[in-house]
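**Student:** What shape does this take:
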Amino acid sequence: MIGFRPKSEKLNLIFLVLVLVSPGLAEETSGHFDLAVFLGQVLNFVVLFGGLAYLLRRPLNEYLKGRVEQVAARLSQAEAMKEESLKKLEEARGRLENLASEIQALKDQAEKEAEREREAIRQEAEKEAERLRKLAREEIEGLVRLSIRELKTYAIDLSVSRAEKRIQEKLTPELHRKLIHRAIDRLRSTNEPSVNS
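**Tutor:** Now for the predicted structure:
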């Protein structure tokens, strides 16, 4: 039996099972070995496991093939994710290295923008100040003209009132009668030539 070598794997498996089971069977039968019982058990074993192997071979192969494909797909996906992660890591490192220069560029841009804004505000303030100066000049000129008119009116009123006062002081009833007669005479003299013609 030592020199026996089966040619197929199935036969190897059957032979191995027989060798392993036979000592146990010999002990169970109270010291003697019954070949018919042993061969019946082996036949049952072969039929049972052979039938199972025959029936389950295709689904088991498909399942194992599917599992192999899943594992391969997961490995491929893991490799792709690893590559992507490494790429992102490199990008992050590059950004981190450029961060200082980007920050400085942003600061420079903000300073330029602030300077432009300050200049625009200064120009707007100058325009507004000039507009207010012009408005103030026009208002002052208007007030000066109004004041001059009021001053002229006041001066005329004051002159008239002083003249009236002087006249009233100097005008006596006798002088008043003389002036009236003189005015009447003038009127007559101017009316007489027109009446004669």
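**Student:** in this protein, which spans are helices?
**Tutor:** Under the criterion DSSP state H, the chain carries helices at the ranges 9-28, 35-170, 173-196.
**Student:** which helices and strands does the second one pack with?
**Tutor:** Read that as helix 35-170. For helix 35-170, the packing partners by 3 or more CB pairs under 8 Å, 6 or more residues apart in numbering; DSSP states H and E come out as helix 9-28. For the C-beta atoms, the positions are set from N, CA and C on the backbone; glycine is no exception.
**Student:** so where is this protein shaky, pLDDT-wise?
**Tutor:** Counting by pLDDT under 70, the ranges of the chain that qualify are 1-31, 192-197.
**Student:** centroid residue for it?
**Tutor:** Taking CA atoms, centre = their mean as the criterion, Leu106 is the residue nearest the geometric centre of the chain, at 16.5 Å.
**Student:** got the contact list for it?
**Tutor:** If a contact means CB atoms under 8 Å, 6 or more residues apart in numbering, then Leu106 has no contacts.
**Student:** CA atoms of stretch 114-130 as PDB?
**Tutor:** Output for stretch 114-130, consisting of C-alpha atoms alone and laid out as PDB, is shown next (Å, rounded to 0.1, in the frame of the first residue of the first chain):
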ATOM      1  CA  ALA A 114      -6.900 100.600  -0.400                       C
ATOM      2  CA  GLU A 115      -4.700 103.200  -2.000                       C
ATOM      3  CA  ARG A 116      -7.000 103.500  -5.000                       C
ATOM      4  CA  GLU A 117      -9.900 103.800  -2.600                       C
ATOM      5  CA  ARG A 118      -8.200 106.500  -0.600                       C
ATOM      6  CA  GLU A 119      -7.300 108.400  -3.700                       C
ATOM      7  CA  ALA A 120     -10.900 108.200  -5.000                       C
ATOM      8  CA  ILE A 121     -12.200 109.400  -1.600                       C
ATOM      9  CA  ARG A 122      -9.600 112.300  -1.600                       C
ATOM     10  CA  GLN A 123     -10.700 113.400  -5.000                       C
ATOM     11  CA  GLU A 124     -14.300 113.200  -4.100                       C
ATOM     12  CA  ALA A 125     -13.700 115.200  -1.000                       C
ATOM     13  CA  GLU A 126     -11.800 117.800  -3.000                       C
ATOM     14  CA  LYS A 127     -14.700 118.100  -5.500                       C
ATOM     15  CA  GLU A 128     -17.200 118.400  -2.600                       C
ATOM     16  CA  ALA A 129     -15.000 121.100  -0.900                       C
ATOM     17  CA  GLU A 130     -14.800 123.000  -4.100                       C
END
